[in-house]
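> got a predicted model here, sequence first, then my questions.
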Amino acid sequence: MRYMYDIAIIGLGPAGAMAARLLDKEFKVIALDKKDPMDNASFMKPCGGLLAPDAQKALARFELNLPKSVLVDPQIFSVRTIDLDTGDSCNYQRLYLNLNRHSFDLWLQSLIPENVEVHNNSQCSEIKSNGDNFEIKYLEDGVVKEAEAKYVIAADGAASMVRRSFYPNKKIRSYVSIQQWFTEKHSNPFYSCIFDSKNTDCYSWSISKDGFFIFGGAYPSKDSREHFERQKELLKEKGFEFGEPIKTEACVVLRPSSLRDFTLGKDGLFFIGEAAGFISPSSLEGISSAINSAFYAAKALNSHGENPNKLYNTLTFKLRLKITLKLLKCPFMYNPFLRKLVMKSRLTTIDVIDS
């Protein structure tokens with residue numbers, strides 16, 4: 001039996017959950033998400049779980065206030081930037097919020113109105129257009145089910161199955177993100193940003209969180225695990241304490257390199273968040289773009305115009321331009337020579353006082 005909906009949302013991360021919240025209540029909406037709200041192990045996204053100022057601003061636009069249950073200890077006010085190429089290290093002030101990323105996603109999902117039919121533990125296995133509507137097959141608790149919708153919002157992340165189905169030849173610069181959790185052994189918890197051109201032309205990170213120490217990074221697809229392990233060995237020499245990993249997470253992460261990398265969709269299909277390629281090429285921050293692109297997609301559909309895809313393209317132009325302009329920042333972060341000059345200048349650094 002195939003049920004008919006106005007809109008189907010594939011994925012309920014920050015992008016999909018925000019879109020579900022903002023769509024007009026008159027729409028009949030189905031939302032599919034593969035995570036299990038009751039099982040933390042079902043959330044395996046390598047994310048440091050830091051809410052950047054841009055993401056805070058995006059939430060503020062909707063007067064959304066984070067519940068205390070989403071935040072974790074400690075709240076850290078600086079980032080230790082480490083250049084393994086030169087051995088140099090600096091501290092910079094950062095106004096991030098340290099949170100439990102899985103709890104954050106569940107909180108956003110809790111804001112979805114009751115008119116949206118939410119299916120957790122459900123993974124979209126097939127999607128196609130029949131010319132008038134989209135036919136969707138999904139696996140829910142081991143059972144194949146079907147749905148049909150006039151519009152589809154693809155919010156299923158960097159490895160978007162929807163994007164692969166409709167744009168099989170679309171190639172976007174991508175990395176393998178790997179992250180491991182350890183029992184915290186450092187006497188003074190910290191957050192770090194690590195550059196190491198021998199192992200990746202992107203960056204790595206560490207963060208202390210509720211008694212755990214998390215280390216992760218974005219690595220070239222080829223031999224990504226080897227690069228990850230080599231970098232851990234180098235960081236041990238810098239005083240990082242790892243021990244035995246409690247869990248390991250991995251996924252694909254996109255890193256757009258031009259305006260052509262974005263996938264917006266057409267003919268009733270809308271891509272939002274990282275499924276569209278909306279992620280910063282300099283910092284890999286994507287929550288702010290997920291929230292903003294969800295707002296634009298909902299606004300386009302709520303307009304009830306003849307061509308909501310055209311409106312969505314127009315509304316996202318500034319977002320696409322903003323992300324693309326971040327490419328100008330990349331050489332000062334990722335070119336070893338320019339990064340060395342920036343760090344040696346000590347501009348905006350914090351002098352850490354040993355106590």
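Ah, there it is. For clarity, every value in this text was computed on a predicted model and none was experimentally measured.
> identify the residue spatially nearest to residue 285, adjacent ones excluded.
residue 52 (4.9 Å; CB to CB, 6 or more residues apart in numbering). The way it works is simple: take the backbone N, C-alpha and C, and place the C-beta from them, glycine included.
> in the chain, which helix is the longest?
Across the chain, the longest stretch assigned as helix under DSSP state H is helix 287-302.
> tell me the angle the helix or strand immediately after it in the chain makes with helix 287-302.
The helix or strand immediately downstream of helix 287-302 is helix 308-315, counting by DSSP states H and E. Counting by axes from the mean of the first three to the mean of the last three CA atoms, to 10 degrees, helix 308-315 lies at 140 degrees to helix 287-302.
> now for helix 308-315, which elements pack on it?
Here helix 308-315 touches strand 269-271, helix 287-302, going by 3 or more CB pairs under 8 Å, 6 or more residues apart in numbering; DSSP states H and E.
> chain center to that helix: distance?
23 Å (CA atoms, centre = their mean, to the nearest Å).
> quick one, what contacts the residue nearest to residue 285?
Contacts for residue 52 (CB atoms under 8 Å, 6 or more residues apart in numbering) come out as 96, 283, 285, 287, 288.
> any idea which of these is closest to residue 118?
In terms of CB to CB, no member of the contacts of residue 52 lies closer to residue 118 than residue 287, at 20.2 Å.
> in space, what's closest to the closest one - neighbours in sequence excluded?
residue 55 (4.0 Å).
> how about residue 151, what does it touch?
6, 7, 8, 134, 268, 269, 270, 301, 308.
> and which of the contacts of residue 52 is nearest residue 103?
Distances from residue 103 to the contacts of residue 52, taken by CB to CB, are shortest for residue 287, at 13.7 Å.
> surely the closest one and residue 56 touch.
No: at 9.3 Å, residue 287 does not count as touching residue 56 under the criterion of CB atoms under 8 Å.
> quick check, central residue of this protein?
In the chain, the C-alpha closest to the average C-alpha coordinate belongs to residue 286, at a distance of 4.5 Å (CA atoms, centre = their mean).
> show me where pLDDT drops low in this structure?
Within the chain, the ranges that satisfy pLDDT under 70 run 40-43, 355.
> could you pick out the longest strand of it?
Secondary structure of the chain per DSSP state E: the longest strand is strand 143-154.
> got the buried residues for that strand?
145, 147, 148, 149, 150, 151, 152, 153, 154 (16 or more other CB atoms under 10 Å).
> in a markdown table, list the residues you listed along with distance to residue 15.
Putting the buried residues of strand 143-154 into a markdown table (distance: CB to CB, whole Å) gives the following:
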| residue | distance to residue 15 |
| --- | --- |
| 145 | 23 |
| 147 | 20 |
| 148 | 22 |
| 149 | 17 |
| 150 | 20 |
| 151 | 15 |
| 152 | 13 |
| 153 | 8 |
| 154 | 9 |
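> check which residues of the longest helix of the chain are buried.
For helix 287-302, the neighbour count (16+ other CB under 10 Å) marks 287-298, 300-301 as buried.
> hmm, back to that, could you identify the most distant pair in the contacts of residue 52?
96 and 288 (12.3 Å).
> ranges for the strands of the stretch 51-200 of the chain?
78-83, 88-93, 97-98, 116-119, 122-129, 134-140, 143-154, 174-183, 191-195 (DSSP state E, counting those that start in this stretch).
> select, out of the ones you listed, the one closest to residue 1.
The nearest among these, by CB to CB, is strand 143-154 at 7.2 Å.
> what lines up beside the closest one in the sheet?
strand 2-10 (parallel), strand 134-140 (antiparallel), strand 269-271 (parallel) (DSSP bridges).
> winner for burial among these?
strand 269-271 (a mean of 27; mean count of other CB atoms under 10 Å).
> who's in contact with that one?
So strand 269-271 is contacted by 129, 134, 151-154, 160, 162-163, 166, 263-265, 277, 297, 300-301, 308-309, 312 (CB under 8 Å, 6+ apart).
> so which of the buried residues of strand 143-154 comes closest to residue 106?
Checking those one by one against residue 106 (CB to CB), the nearest turns out to be residue 153, at 19.4 Å.
> can you name the residues that contact that closest one?
Neighbour list for residue 153: 7, 8, 9, 10, 16, 19, 270, 272, 294, 297 [criterion: CB under 8 Å, 6+ apart].
> now the residue nearest to residue 154 when sequence neighbours are not counted: how far from residue 224?
Of all residues not flanking residue 154 in the chain, residue 162 sits nearest, at 3.8 Å (CB to CB, 6+ apart). Look at residue 162 and residue 224: by CB to CB, to the nearest Å, they are 25 Å apart.
> much appreciated, bye for now.
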